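J.: Attaching a predicted model along with its sequence, questions to come.
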Amino acid sequence: MDTIAIKSQLQKMIDEQDDINVLRAIYTLLQKTSLNSVLITKLTNRAKKAEEDIAEGRIFTKEEIIRRTNRIGR
């Protein structure tokens with residue numbers, strides 16, 4: 001079954017479904033899937049930014065990280 005056939009079949013099944021719990025379950029499943037793609041995009045962008053920072057020398061020394069971490073923990 002190709003993508004178009006699956007979507008068509010799902011649409012038909014959803015249209016025929018009257019059980020609110022089933023519809024909510026489908027909604028939750030699809031919503032979680034779309035959130036995962038948002039999270040993947042966000043994490044990918046952060047990784048690219050980190051790589052750019054490293055390439056440009058915008059990094060912290062070990063000592064700077066320790067100082068910053070100790071300051072936050074107080």
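T.: Okay, I see it. Small disclaimer: the values here were computed from a predicted structure and weren't measured.

J.: so where does the residue nearest to the spatial centre of the chain fall, helix or strand?
T.: Using C-alpha atoms, centre = their mean, the residue of the chain that lies closest to the mean C-alpha position is residue 39, 1.8 Å off. Residue 39 is part of helix 20-55, with elements assigned from DSSP states H and E.

J.: residue ranges with poor pLDDT in this protein?
T.: Low-confidence segments of the chain (pLDDT under 70): 73-74.

J.: can we see that at 80?
T.: Flagging of the chain using pLDDT under 80 yields the residue ranges 33-35, 38, 72-74.

J.: Tell me how far the residue located most distally from the centre of it lies from residue 69.
T.: For the chain, the C-alpha farthest from the mean C-alpha position belongs to residue 63; by C-alpha atoms, centre = their mean, that distance is 32.5 Å. Going from residue 63 to residue 69 by C-beta to C-beta, to the nearest Å gives 11 Å. The C-beta positions use only the backbone N, C-alpha and C, and glycine is treated the same way.

J.: do residue 41 as well
T.: Residue 41 is 28 Å from residue 69, where distance means C-beta to C-beta.

J.: So which bits of the helix holding residue 39 are buried?
T.: For helix 20-55, the buried set under the neighbour-count rule, 16 or more other C-beta atoms under 10 Å, is empty.

J.: doesn't residue 53 make contact with residue 59?
T.: Yes - with contacts defined as C-beta atoms under 8 Å, residue 59 counts as touching residue 53 at a distance of 6.8 Å.

J.: chain center to the helix or strand where the residue farthest from the centre of the chain lies, what's the gap?
T.: When elements are assigned from DSSP H and E, residue 63 belongs to helix 62-72. Using C-alpha atoms, centre = their mean, to the nearest Å, the distance from the centre of helix 62-72 to the centre of the chain it belongs to is 29 Å.
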